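J.: Could you look at this predicted model? Sequence included:
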Amino acid sequence: MSSSFSRKKLSTLAADYGRLLRQILRQEQMLRGSFHQVYTRCGKDNCWCAKAKKGHPHTRLTWTEEGLMMTRKVRASERKVVLKLTDAYKQFCEQREELTALHQQIQERLDAYEKSVINRTRKSLGLLPQKPRLSAKNQSPLQTRRPRQI
């Protein structure tokens, strides 16, 4: 792979990385957790929920914090906002995974670029390793280390 191709690809990946990072940093509010509806019985003998399959509907936000499961009831007036904020967190997580994948691609392209530039530089200086020859008399001009004798 040529170094010019690697440079172009790296530039494209860097632009994508910057665009995605700017999108992530635009998020100023989000909530981590699971937003769902549950049904509970109130415990009163004469309430309708005592005889029903499901109890009273409630919406809750559940998340973990320092290894502990946290659950909070969400008021009806806050449901839309909480749903929007939990969706924003899910989107943040997806974008973060994309950013990690882009970072990995950049690392791989940088490795390829490094190899390409080093090989081109060695070639221009005549420092590329030569193919081994059959005769021991004709050795490569490159210095090789001999194993230490103990």
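T.: Thanks, I have it. Everything quoted here is computed from the prediction, not taken from an experiment. Numbering: from 1, shown residues only.
J.: so where's the longest helix in the chain?
T.: With secondary structure taken from DSSP state H, the chain has its longest helix at helix 79-125.
J.: elements contacting it?
T.: Other helices and strands packing on helix 79-125, by 3 or more C-beta pairs under 8 Å, 6 or more residues apart in numbering; DSSP states H and E, are helix 3-26, strand 34-40, strand 56-65. Yep, even glycine has a C-beta here, placed from its N, CA and C like the rest.
J.: how far off helix 79-125 does the last one point, in degrees?
T.: Read that as strand 56-65. Using axes from the mean of the first three to the mean of the last three C-alpha atoms, to 10 degrees, the inter-axis angle of strand 56-65 relative to helix 79-125 is 30 degrees.
J.: now the angle from strand 56-65 to strand 34-40?
T.: 140 degrees.
J.: got it, and the first one?
T.: With the same axes, to 10 degrees defining the directions, helix 3-26 sits at 40 degrees from strand 34-40.
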